[in-house]
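In: Have a look at this prediction, sequence included:
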Amino acid sequence: MGTVVSLTVPSTSGEDELVAATAVVEQLFAGLDETFSLYRPDSEASRIARAEIMLPDASEDMRRLYADAVGWRLVTEGAFTPERPDGVLDLSGIVKGHAIGEAGTSLLALGLRDWCLNAGGDVLVSGSPVPASAGAGTTVSGSREPWRAGIVDPADRRTLIAGYPLGGHPEAKLALATSGSAERGDHIWAAGGGTGAGRGPGTVAGGGRAAPAFRQVSVAAADIVTADVLATAIVAGGMPMLDRATDGWDIDVLAVRAGGGLVATAGFRR
């Protein structure tokens, strides 16, 4: 779906480790793209959209992710949903986070403990950019140097509006996801209302023509699926969904209002 994926590891990692890690990540993303991309006419998702196959007859992966997306629709009170306003099943709002999480699990299985995986601006980390063997920055409590993620200004992609530390100690959040209209246009549909006016395959949330309250929302969480889904849900559901999300989940949020102002939870203000 045109997503750029990058993997960053400390310089002490061996060449064989890097080759194996890259191959695993590439294979996983390519496989999921073949199944879930609505940009590919031969994908399973496109065949479902054309009613060539029905969801009960779809693959186990398709049915499982659909069930996960429906679960998120329930807990976000409809701000996140797996169907577009035209009724087409569209799981792109959850599949990228799923892919990043699966790739992270594979990297850990390969024995890599320190890495940063970035897929289209959504980030999942493990460990620290400073190898544990180097000892640099390691405290008595076991904390290490965190990875530092930057959040771009939706009004000027050359500048950052904030930074956020990921990983480095056991209680740290490991994932950061950003949703909004700055990169891909209005592909997120506002919750509630009429038929909507979003564009292209992408996460949809209800229908609706109301102007979104937020142009961009970034969410830091313990896992990438939670971060990605809630960032999209907050863009779709506005301030009421932001309040529900911060009350119901252990997350930090930085939201850019349509007029340019910022709303930030304590973690981002720090």
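Out: Structure's in. What do you need?
In: which regions of the stretch 1-150 of the chain sit below the pLDDT cut-off?
Out: 1-2, 13, 133-142 (pLDDT under 70).
In: which stretches of it form helices?
Out: For the stretch 1-150 of the chain, the helices defined by DSSP state H, counting those that start in this stretch cover 15-36, 44-49, 60-75, 92-109.
In: To Ala119, which of those helices lies closest?
Out: helix 92-109 (5.1 Å; CB to CB). Where C-beta positions appear, they are placed from N, C-alpha and C, glycine not excepted.
In: Packing partners of that closest one?
Out: For helix 92-109, the packing partners by 3 or more CB pairs under 8 Å, 6 or more residues apart in numbering; DSSP states H and E come out as helix 15-36, helix 60-75, strand 115-119, strand 122-126, helix 224-248.
In: if we go to 10 Å?
Out: strand 5-8, helix 15-36, helix 60-75, strand 115-119, strand 122-126, strand 175-180, helix 224-248 (3 or more CB pairs under 10 Å, 6 or more residues apart in numbering; DSSP states H and E).
In: just these: most buried one?
Out: strand 175-180 (a mean of 26; mean count of other CB atoms under 10 Å).
In: That one vs helix 224-248, what angle?
Out: Interaxial angle, strand 175-180 versus helix 224-248 (axes from the mean of the first three to the mean of the last three CA atoms, to 10 degrees): 80 degrees.
In: need the next SSE after strand 175-180, C-terminal direction.
Out: As assigned by DSSP states H and E, the chain's next helix or strand after strand 175-180 is strand 214-221.
In: Name the residues of that following strand that are buried.
Out: The neighbour-count criterion (16 or more other CB atoms under 10 Å) identifies Phe214, Arg215, Gln216, Val217, Ser218, Val219, Ala220, Ala221 as the buried residues of strand 214-221.
In: Out of the helices and strands packed on helix 92-109, which gets nearest to Ala162?
Out: With distances scored as CB to CB, the stretch of those nearest to Ala162 is strand 175-180 (10.3 Å).
In: For that closest one, which strands pair with it and how are they oriented?
Out: Within its sheet, and counting by DSSP bridges, strand 175-180 is paired with strand 122-126 (antiparallel), strand 214-221 (antiparallel).
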